[in-house]
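A.B. asks: mind folding the following:
(one chain, ligands or ions: 1)
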Amino acid sequence: MIPQDFVDQLLSRVDIVDVVDRYVPLKKAGQNYLACCPFHKEKSPSFTVSPSKQFYHCFGCGAHGSAIGFVMEYQGLGFVDAVRLLAEGIGMQVPQEKVANPEASRKARERQMSLEEAMQLAAGYYKQQLKSAPNAIAYLKGRGVTGEVAARFGLGYAPGDWQNLQAVFPQYQDDKLADAGLVIVNEEKGQRYDRFRDRVMFPIRNQRGAIIGFGGRVMGKGEPKYLNSPETPLFEKGRELYGLYEARQSIREKNRVLVVEGYMDVVALSQYGIAYAVATLGTATTGDHVRKLLRHADQVYYCFDGDNAGRKAAWRALENSLPQLQDGKSLNFLFLPSEHDPDSYVREFGAEAFEKLLEEQSLPLSAYFTRELTGRVDMNTPEGRADLIRQASPLLAQIAAPALGFIIRKRLAELAGIDVDEFDMLTTGKPRPERKGKREYRLPEESHRQIHTPIIRKQIKWLLMNPAWAGDVRLPDSVPLSDELACFAMLAESVQEHDQPPNTAQLLEGLRGTPYEGMIDSILQQAMQDQDEFADPGEDDRTQFQDGNEKLMKMLREAQLERLKLKDRQEGLTPEEKALFRELLKELLGASN
Ligand SMILES: [Zn+2]
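C.D. replies: Predicted coordinates:
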């Protein structure tokens with residue numbers, strides 16, 4: 001762990017404008033700097049860097065962060081490496097994990113390097129072996145793969161013997177071979193042997209292009225069909241996508257990315273001219289994957305086999321996509337005819353037919369969502385339609401894109417035979433403003449959270465952009481804090497812990513790895529709609545923030561009062577609660593004067 005103090009210091013000494021400008025030339029525009037976004041394809045610049053906040057935000061794709069975040073994203077580095085790179089650039093010494101053990105952390109860093117070197121060396125060896133492996137060559141040729149495409153993906157072959165890698169690693173006993181996942185050690189028998197034997201080898205690269213793992217595919221009948229490197233210090237399956245490095249240019253050009261299940265699919269599609277495909281690495285599509293995909297293109301297509309396993313995988317992908325959705329981006333699901341995978345389909349019918357299928361047969365997420373849910377219940381009975389609402393609620397609550405979320409709710413409401421207000425009330429417990437008279441329907445705990453969410457999120461955004469305003473934040477002691485409210489309180493407190501108000505970048509880096517990280521991420525994605533959000537605030541803005549706090553206080557007190565009233569009716573109040581009730585009432589009356 002790098003101490004937070006050091007991260008703070010680092011961020012006060014590096015200038016994000018210099019850092020970004022090294023990779024992406026910036027142009028001054030008013031208080032800020034602009035460029036075309038390096039994380040998505042665009043023609044007019046919406047990638048904005050604020051020197052006063054030391055923070056960047058892309059108003060096109062929503063990418064944002066500090067100088068550290070930028071280096072991580074752009075260079076594909078981990079947090080520690082990004083900090084180290086920035087610190088070295090300005091001659092700061094990164095403190096060691098424990099002063100007692102500087103040697104260990106240096107070794108850990110060297111090991112990281114040497115793991116990458118080991119992977120590189122192994123990839124070179126496998127590539128070499130392919131040349132003298134007629135069976136593997138025949139396999140690839142049989143799939144239409146030319147030498148050129150094999151070279152682009154660095155394909156290789158692991159021979160069938162048990163210790164092939166000894167040829168390039170004379171120190172076959174070296175721990176790093178096991179750490180890199182190249183060798184399997186059987187402690188009991190004291191044996192070690194190559195993980196990959198008699199397989200076509202697909203090197204997996206990270207965003208920098210460094211090889212971090214391998215996928216090996218059997219050529220005949222054997223199991224498993226695909227064998228992956230295990231998780232190693234270099235390789236985290238839930239974050240990486242096979243082929244992303246190779247496909248980047250084409251993804252940008254087409255503004256489209258296709259997600260398939262196997263490496264061979266990626267290579268075959270590329271061979272036939274569809275160069276924007278990537279594959280997950282034997283895991284379900286994760287939220288991290290989706291975020292990464294949406295950074296690269298506005299249109300994401302998931303392609304699944306039409307069988308049962310494919311359908312399950314598709315639904316998992318949908319579930320993990322919901323919290324990542326953004327209006328203006330589209331996610332689509334294509335199910336291939338059950339006898340096909342993308343590899344076989346494109347070989348049989350060609351690229352044009354495949355793209356036609358993609359464009360005409362894919363279901364947008366909204367349609368797939370509705371079709372799947374209505375298919376699970378009997379829509380002809382009230383019980384079935386009620387069950388639809390029950391099953392849809394938790395999923396709908398996760399949809400991050402407001403407009404798309406509304407459209408889906410509206411469609412489901414239609415299908416259930418009620419109007420969308422009623423539907424919302426049933427699924428979120430949130431009464432529409434004009435329906436105040438029906439308040440008794442709502443669930444007290446839930447309503448408290450739901451009602452205030454938009455205003456709290458707005459206050460959080462203001463505070464993030466202007467940490468110096470933390471002194472304005474007051475929250476009633478009597479209200480339990482959870483979710484966004486807890487986040488808001490925590491931000492204000494964390495500013496107060498600093499001697500000087502931190503800038504946006506410092507404030508945000510303090511949240512890295514905390515449960516609030518994802519919440520803040522989504523708040524910024526939604527709240528930052530145009531460049532004005534980024535301009536230095538005027539007096540009016542400050543007043544708005546203060547008004548917002550007042551409003552929030554008032555709503556919280558009201559909600560608290562409602563709860564107490566309800567409890568009074570149902571089971572009665574304790575003397576403390578009665579006192580609190582009077583206190584709240586007094587404050588509310590005082591505040592409205
Ligand atoms: Zn962008």
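A.B. asks: which residues touch the residue in the stretch 151-300 of the chain that the ion sits nearest to?
C.D. replies: Nearest residue of the stretch 151-300 of the chain to the ion (Cβ to the ion) works out as R295 at 7.1 Å. For the C-beta atoms, the positions are set from N, CA and C on the backbone; glycine is no exception. Contact analysis of R295 by Cβ atoms under 8 Å, 6 or more residues apart in numbering lists 39-40, 61, 63, 73.
A.B. asks: and for stretch 575-588, what's in contact with it?
C.D. replies: Under the criterion Cβ under 8 Å, 6+ apart, residues 476, 478, 554, 557-558, 560-561, 564, 567-568, 573 lie in contact with stretch 575-588.
A.B. asks: got the residues of this structure near the ion?
C.D. replies: Applying Cβ under 5 Å from the ion, one finds that the chain approaches the ion through 37, 39-40, 58, 60-61, 63.
A.B. asks: of these, just say which sits nearest to V7.
C.D. replies: Among the residues of the chain next to the ion, A63 lies closest to V7 (Cβ to Cβ), at 20.1 Å.
A.B. asks: check contacts around that closest one.
C.D. replies: Applying Cβ under 8 Å, 6+ apart, the residues contacting A63 are 37, 39-40, 47, 56-57, 73, 295.
A.B. asks: F488 contacts V473, correct?
C.D. replies: Yes. Taking Cβ atoms under 8 Å as the definition, F488 is a contact partner of V473 at 7.1 Å.
A.B. asks: so this protein: which segments form each domain?
C.D. replies: Following automatic domain parsing, the chain resolves into domains at 4-89, 104-228, 244-361, 371-428, 445-592.
A.B. asks: just put the contacts of stretch 575-588 in CSV and tack on pLDDT.
C.D. replies: Output for the contacts of stretch 575-588, formatted as CSV (pLDDT from 0 to 100):
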residue, pLDDT
P476, 71
S478, 66
K554, 84
R557, 83
E558, 83
Q560, 82
L561, 84
L564, 85
K567, 84
D568, 86
L573, 86
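A.B. asks: could you work out the most separated pair of the residues you listed?
C.D. replies: By the measure Cβ to Cβ, K554 and L573 form the most distant pair in those, at 21.5 Å.
A.B. asks: how about the helices in the stretch 51-200 of the chain?
C.D. replies: Counting by DSSP state H, counting those that start in this stretch, the stretch 51-200 of the chain has helices at residues 67-75, 79-89, 102-131, 134-142, 147-152, 175-179.
A.B. asks: and these as JSON lines, adding mean neighbour count?
C.D. replies: Compiled in JSON lines, these are given as follows (neighbours: other Cβ atoms under 10 Å):
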{"stretch": "helix 67-75", "mean neighbour count": "22"}
{"stretch": "helix 79-89", "mean neighbour count": "18"}
{"stretch": "helix 102-131", "mean neighbour count": "16"}
{"stretch": "helix 134-142", "mean neighbour count": "15"}
{"stretch": "helix 147-152", "mean neighbour count": "14"}
{"stretch": "helix 175-179", "mean neighbour count": "16"}
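A.B. asks: find the least confident helix or strand in this structure, judged by mean pLDDT.
C.D. replies: For the chain, scoring each helix and strand by mean pLDDT, DSSP states H and E identifies helix 444-465 as the least confident one, at a mean of 70.
A.B. asks: now do the same for the closest residue to G510 other than its chain neighbours: helix, strand or coil?
C.D. replies: Using Cβ to Cβ, 6 or more residues apart in numbering and skipping the chain neighbours, the partner closest in space to G510 is S494 (5.6 Å). The three-state label given to S494 by DSSP: H, G, I helix; E, B strand; the rest coil is helix.
A.B. asks: so how far is the ion from S494?
C.D. replies: Taking Cβ to the ion, to the nearest Å as the criterion, S494 is separated from the ion by 28 Å.
A.B. asks: so what's that residue up against?
C.D. replies: If a contact means Cβ under 8 Å, 6+ apart, then S494 has 507, 510-511 as its contacts.
A.B. asks: same thing but at 10 Å, please
C.D. replies: S494 sits next to 4, 467, 470, 502, 506-507, 510-511, 514, 516 when contact means Cβ atoms under 10 Å, 6 or more residues apart in numbering.
A.B. asks: ok, now R217?
C.D. replies: Applying Cβ under 10 Å, 6+ apart to R217 gives the contacts 136, 139, 155, 196, 199-202, 224-227, 262-264, 267.
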